[in-house]
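Chemist: 3D model of this:
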Amino acid sequence: MVDNASDAYDASEIDRSRVRGFMRSLARIAQERAGAVLLLAHVDKGTSRGERTGTESYSGSTAWHNSARSRLYLSRDKDGAGLRLEHQKLNVGKVREPLLLQWPEGGIPQLEQEFGPVVQRIAENTDAKALLRLIHTFHARGEWIATDTRSRYHAVKVLSDEPIFPKRRKPAEVFGMLRDAEQRGLIEREAYRDRNRKEHERWAVTAAGCDLIGVPAPCAPCAPSSEHSAPGHTAQQGAPSAPCSARGVRGDRARARDTAQAA
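Modeler: Numbering: from 1, shown residues only. Take a look at the predicted model:
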């Protein structure tokens, strides 16, 4: 995120060739990192209030517009309370619908209306990935998320204090997202017994789910767990698990070498 163009660009904003060279340098940054670069640029006060007389919502050379792959424009009402975010250019597809926001006194801009279908789907995918990451992280350190929504250790109760948890979601929405993730094969139910040998179920992220959130898929468990864990309620130390390798930790080569030495 480059904030803003006037601080990062050291030439005239109407010099087309210099502007194109600057924009290409930003594109190289994105290409080298397989990512994206967001460049912020201010316009004059009249344009920012939606008082522009022409069709351009930017200042300077047309290269600012033509050299960008995508361009957004944020304007506000004359009273400063209402904001409108427009998607004015996209080289690789159709531009998205505008978003209307309100800027409350002492607060941050908020949506004036419900998400449109495209934005809603993006938000749902983002929240679902956050849930999968949390479940994977907790599972990896032996803290289980119960599948039973009546349990003391269900997803909302255990994960709601985590920074990336989608706090704007109601509990019913979170449970619905988990059911959807299960239907898509991203999480699955694991059966286990607690210390009192009572049967329970916990959520585990599948290989497909790990691929979606970009983490290594866990190997198959070597021995079943026997503890109902949650934050501050971790598994007790039991008998050591069997080695994951079918031949044991040392393997066939080491065993053959020992046999040869003994002979």
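Chemist: and stretch 190-197, how far out from the chain middle?
Modeler: Offset of stretch 190-197 from its chain centre (CA atoms, centre = their mean, to the nearest Å): 32 Å.
Chemist: number the residues from 733 up from this point.
Modeler: Will do, 733 is the new start, and the previous item becomes stretch 922-929.
Chemist: and it, end to end?
Modeler: End-to-end distance for stretch 922-929, by CA to CA, to the nearest Å: 15 Å.
Chemist: now stretch 798-815
Modeler: OK, stretch 798-815 end separation, CA to CA: 25 Å.
Chemist: what pLDDT is listed against Arg828?
Modeler: pLDDT, Arg828: 84.
Chemist: which stretches of the stretch 733-882 of the chain have low pLDDT?
Modeler: Low-confidence segments of the stretch 733-882 of the chain (pLDDT under 70): 777-788, 810-813, 845-851.
Chemist: what ranges do the helices span in it?
Modeler: 737-740, 748-765, 777-780, 795-798, 849-872 (DSSP state H, counting those that start in this stretch).
Chemist: got it, and the stretch 883-995 of the chain?
Modeler: 887-891, 903-915, 939-945, 983-994.
Chemist: need the contact partners of stretch 792-806.
Modeler: For stretch 792-806, contacts defined as CB atoms under 8 Å, 6 or more residues apart in numbering pick out 737, 745-749, 751-752, 755-756, 759, 771, 773, 780, 788-790, 815-824. To be clear about C-beta, it is placed using only N, CA and C from the backbone, and glycine gets the same treatment.
Chemist: so among those residues, which ones count as buried?
Modeler: Buried members of those, counted by 16 or more other CB atoms under 10 Å: Ala737, Glu745, Arg748, Val751, Met755, Leu771, Ala773, Ser789, Tyr790, Leu815, Glu818, Gln820.
Chemist: need the max-distance pair from those.
Modeler: The most widely separated members of these, counting by CB to CB, are Arg748 and Leu815 (30.6 Å).
Chemist: scan this structure for its longest strand.
Modeler: The longest strand of the chain (DSSP state E) is strand 814-822.
Chemist: quick one: distance of that one to the chain centre.
Modeler: On the basis of CA atoms, centre = their mean, the separation between the geometric centre of strand 814-822 and that of its chain is 23 Å.
Chemist: and if you look at stretch 796-809?
Modeler: With CA atoms, centre = their mean, you get 24 Å for stretch 796-809.
Chemist: same deal with stretch 741-761?
Modeler: 31 Å.
Chemist: what does that stretch rub up against?
Modeler: 734, 737-738, 740, 769, 771, 791-796, 799-801.
Chemist: how about a cut-off of 10 Å?
Modeler: Among residues not part of stretch 741-761, those counted as contacts by CB atoms under 10 Å, 6 or more residues apart in numbering are 734, 737-738, 740, 767-771, 773, 790-801.
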